[in-house]
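**Q** just a sequence and a predicted model for now, questions to come.
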Amino acid sequence: MAAPVRVRFAPSPTGYLHVGGVRTAIFNWLFARQHGGVFVLRIDDTDIKRHQDEAVQVILDGMKWAGLSWDEGPEVGGAYGPYFQSQRFERYKEVAKQLEASGRAYWMKKDAAKDLPEWKIEKLKKAGKWDEDRAQAASDPEPALYFKIHPGEPQEVVLQDAVWKEYRRPAEMLDDYVILRADGSPTYNFATVVDDIDMKISHIIRGEDHLANTPKQIRLFEALNAPLPVFAHLPMIHNDKGQKISKRRDPVAVTIYRKCGILPEALVNFLALLGWSPGDDREVMTQDEMIAAFSLDRIKLSPAQFTLKRQADLPEGSDYNERLDWLHAALPGTKLEWMNGEYIKKLAPKDLLSRAEPFLKRHYDLSGADPVWLSKILALEQERSRTLYALAENLRLFFEAPAAYDDKAVKKWLEKGDGWAHLEAIRELLDKHTDWTGAALEHALNAYAEQKGAKFANIAQPLRVALSGTAVSPPIHETLVLVSKPEALKRIDALLARKGAPTP
RNA sequence: GUCCCUAUCGUCUAGCCAGGUCUAGGACACCGGGUUUUCAUCCCGGCAACUGGGGUUCGAAUCCCCAUAGGGACGCCA
């Protein structure tokens, strides 16, 4: 019988949750759920950061928001904790000692002659990573603990990756590497392996950027007499320029997508389809459908592009708000936005209200708002909005009188033809109208149009301009009802006051 | 520089492993049309790809080789 499925997602607390990381988490989560396995969340914080608690919280919040529940990890605990690497240092030292005792690890000072090659230094400098830390480390006189990668005759490592199939690494390319620094802190490659063994991880599903390190890690599994997990390396995610998405040049923090009004289930669905497909034509899928359809051997190897409609490059050193604006501009017309719209359309009324409320609050004063009225205006925009942000924005006319009028709309619907005359007549009609319901208003306006022999558009459009300032609004009767009679009359008067005024 | 990988519409992808059913399917985007009081929804239609070159084969998107292009890795980063 096969070992129980235990998978993990091990982000480091960098201050944000990366969308690429979320996709990795999704694949692990889907795999765990499909096999009735355990999904472990582990925090890779070997590098102690300043606001660590906050940074960890960002990750937990992001995971919860995305609906990726973990079975073991921070907040929930588990039998294989602690789940913070910073709390496992003693364990790493213990394992290091074992390796030392068995002759598989040795202390050595960095050999100046074995220092980094030219091309590497140049590359680091180019990437802006040739910082003082690095220079310091290179000249560190203290010895570090090295893992002896070849116990005997050097041999190549052959691994069977669930996605990549056979992956080989020749012996001469496997060099001894540092597992413990002079100060006793573990390196990533070491801590990860120790944890994966201790936590009985059965399948390691992670980004392709870890593939080349895998052979080195495998030697460590062997040296520790641990069973080898199944490896599965996922293709990278690229931006529209074919570059690996990165914090520097792309909006990668999930909070930005959340702030833009993307629904978590839409983001998860979209991300799941980057590098994986169910093999049929399904695209908008429920989580249960994805869990049922998921399979490691349907993951492809070539990088997937996370397409946004880039208007311009992100400004150098841009802050959160600039990134938010950038994303707002880059989202329309993308598949993510479309998919989000599909999810918005499916939302039950009360869910729509709870999801949209934070956005409405950010845009308007909701203190006196009637929840029934809110639900009604939301229903009007539900199929007209592809993000919650746009939804809130599209509802502006229900909260505020037009601050300005669209010139084109005024010219087309008021100044050409009988627009002004109709609007004046309708004002009187509405003023006398007492039954302020959609059906009654529809009846009255239709009767007016018929009597004047006018097309309904010539009646509705001037009204729209008065109510919203533009030629666009939800159906006019419902809009009138929900704007309220006194407010509607006020806005009509405001527009009528501009009759004859020169338009700029 | 060294090692490894990848390559289907603008994009996400199906098809490839087990060659014929592929005049290459779906979706987004875009364009056009219909429904509609505007917008949106909905419906219909269109545009659009096997990177190039060699093989193997009766037959290649599918297998092999080369070229080209892209990517990943090669740290006391994670």
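**A** Sure, I can see it.

**Q** so what's the residue nearest to A:A409 when sequence neighbours are not counted up against?
**A** Excluding the flanking residues, the one nearest A:A409 by C-beta to C-beta, 6 or more residues apart in numbering is A:A471, at 4.1 Å. From N, CA and C alone the C-beta is placed, and that goes for glycine too. By C-beta atoms under 8 Å, 6 or more residues apart in numbering, the residues touching A:A471 are A:D406, A:K408, A:A409, A:K412, A:W413, A:Q461, A:R464, A:V465.

**Q** need phi/psi at A:A471.
**A** phi -90, psi 10 (degrees, to the nearest 10).

**Q** equivalent analysis for A:A171, please.
**A** phi -60, psi -40.

**Q** any idea how many residues pack against it?
**A** By other C-beta atoms under 10 Å, 13 other residues sit near A:A171.

**Q** so it sits against A:H150, correct?
**A** Yes. Here A:A171 reaches A:H150: they are 6.8 Å apart, a contact under C-beta atoms under 8 Å.

**Q** which helix or strand in chain A has the lowest average pLDDT?
**A** Across the helices and strands of chain A, mean pLDDT, DSSP states H and E gives its lowest value to helix A:132-138, namely a mean of 54.

**Q** identify the residues contacting whichever helix or strand comes after that helix?
**A** Downstream of helix A:132-138, the next assigned helix or strand under DSSP states H and E is strand A:144-147. For strand A:144-147, the external contacting residues (C-beta under 8 Å, 6+ apart) are A:96, A:99-100, A:104-110, A:176-182, A:190, A:219-220, A:223.

**Q** what segments of the stretch 201-350 of chain A are helices?
**A** Shown for the stretch 201-350 of chain A, the helices assigned by DSSP state H, counting those that start in this stretch span residues A:214-223, A:254-259, A:264-272, A:287-293, A:320-330, A:335-346, A:349-363.

**Q** out of those, nearest to A:G36?
**A** Across the helices of the stretch 201-350 of chain A, A:G36 has its closest neighbour in helix A:287-293 (10.3 Å, C-beta to C-beta).

**Q** what helices or strands is that closest one leaning on?
**A** Contacts defined by 3 or more C-beta pairs under 8 Å, 6 or more residues apart in numbering; DSSP states H and E place helix A:287-293 against helix A:19-34, helix A:264-272.

**Q** and the residue nearest the centre of chain A?
**A** A:V254 (3.6 Å; C-alpha atoms, centre = their mean).

**Q** say whether RNA strand B is contacted by stretch A:275-282.
**A** Yes. Against RNA strand B, stretch A:275-282 shows contacts by C-beta under 7 Å from any atom of the strand at A:G275, A:W276, A:S277, A:G279, A:D280, A:D281.

**Q** state the mean pLDDT of that stretch.
**A** The pLDDT scores in stretch A:275-282 average 93.

**Q** next: stretch A:241-248.
**A** Rounded mean pLDDT across stretch A:241-248 is 87.

**Q** just the terminal-to-terminal distance for it.
**A** For stretch A:241-248, the first-to-last residue distance is 14 Å (C-alpha to C-alpha, to the nearest Å).

**Q** cool, and stretch A:352-372?
**A** Taking C-alpha to C-alpha, stretch A:352-372 runs 13 Å from one end to the other.

**Q** buried set for it?
**A** Residues A:L352, A:L353, A:R355, A:A356, A:E357, A:F359, A:L360, A:H363, A:A369 are the ones in stretch A:352-372 that count as buried (16 or more other C-beta atoms under 10 Å).

**Q** now stretch A:71-91
**A** Across stretch A:71-91, burial judged by 16+ other C-beta under 10 Å covers A:71-74, A:78, A:80-81, A:83-86, A:88, A:91.

**Q** ok, those vs RNA strand B, which is closest?
**A** Ranked by distance to RNA strand B (C-beta to the nearest atom of the strand), those are led by A:Q85 at 7.0 Å.

**Q** right, and the closest one touches A:V56 too?
**A** No. With contacts counted by C-beta under 8 Å, A:Q85 stays clear of A:V56, the gap being 11.5 Å.

**Q** okay, the helices and strands packed on helix A:287-293 in CSV with mean pLDDT next?
**A** Output for the helices and strands packed on helix A:287-293, formatted as CSV (pLDDT from 0 to 100):
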stretch, mean pLDDT
helix A:19-34, 97
helix A:264-272, 97
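
**Q** nearest to RNA strand B among these would be which one?
**A** Across those, closest to RNA strand B is helix A:264-272 (C-beta to the nearest atom of the strand), at 7.9 Å.

**Q** so is the closest one next to RNA strand B?
**A** No. Figure legend: helix A:264-272 not in contact with RNA strand B (C-beta under 7 Å from any atom of the strand); closest approach 7.9 Å.

**Q** could you give me the buried positions within that helix?
**A** Applying 16+ other C-beta under 10 Å to helix A:264-272 flags A:P264, A:E265, A:A266, A:L267, A:V268, A:N269, A:F270, A:L271, A:A272 as buried.

**Q** before we move on, what about stretch A:239-255?
**A** A:N239, A:I245, A:R249, A:D250, A:P251, A:V252, A:A253, A:V254, A:T255.

**Q** where does the spatially closest residue to the third one that is not a sequence neighbour land on pLDDT?
**A** Read that as A:R249. Among residues not flanking A:R249 along the chain, A:L314 sits closest, at 5.6 Å (C-beta to C-beta, 6+ apart). Looking at A:L314, its pLDDT reads 84.

**Q** A:L314 reaches A:W326, doesn't it?
**A** Yes. Judged on C-beta under 8 Å, A:L314 makes contact with A:W326 at a distance of 5.7 Å.

**Q** need the residues touching each of the two.
**A** Residues touching both A:L314 and A:W326 by C-beta under 8 Å, 6+ apart: A:P251.

**Q** which one's more surrounded, those two?
**A** A:W326 (21 against 17).

**Q** ok so, going back, flag whichever of the buried residues of stretch A:71-91 scores worst on pLDDT.
**A** Lowest confidence among these: A:G81, with 81.

**Q** for it, which three-state class applies?
**A** Three-state assignment for A:G81 (DSSP: H, G, I helix; E, B strand; the rest coil): coil.

**Q** mind checking how far it is from A:L267?
**A** As judged by C-beta to C-beta, to the nearest Å, A:G81 and A:L267 stand 29 Å apart.

**Q** how about A:G341?
**A** In terms of C-beta to C-beta, A:G341 sits 13 Å off from A:L267.

**Q** what of A:L353?
**A** Distance, A:L353 to A:L267, using C-beta to C-beta: 21 Å.

**Q** please name the bridge partners of A:F39.
**A** Counting by DSSP bridges, A:F39 is bridged to A:V7.

**Q** how far away is it from RNA strand B?
**A** Distance of A:F39 to RNA strand B, computed by C-beta to the nearest atom of the strand, to the nearest Å: 19 Å.

**Q** can you pull the contacts of the spatially closest residue to A:S185 that is not a sequence neighbour?
**A** Leaving out its chain neighbours, the residue that sits closest to A:S185 by C-beta to C-beta, 6+ apart is A:T46, at 6.2 Å. For A:T46, the contacting residues are A:Q85, A:S86, A:S185, A:P186, A:T187, A:Y188, A:A191, by C-beta under 8 Å, 6+ apart.

**Q** give me the subset of the residues you listed that also touch RNA strand B.
**A** Restricting these to those adjacent to RNA strand B (criterion: C-beta under 7 Å from any atom of the strand) gives A:T187, A:Y188.

**Q** now for the contacts of A:T46: which two are most distant?
**A** A:S86 and A:T187 (14.0 Å).

**Q** from A:N340, how far off is the residue nearest to the centre of chain A?
**A** 14 Å.

**Q** report the set of residues contacting both of these two.
**A** A:L267.

**Q** and the host helix or strand of A:K64, what's buried?
**A** Element membership for A:K64, per DSSP H and E: helix A:52-66. Using 16+ other C-beta under 10 Å as the test for burial, helix A:52-66 gives A:Q52, A:A55, A:V56, A:V58, A:I59, A:L60, A:G62, A:M63, A:W65, A:A66.
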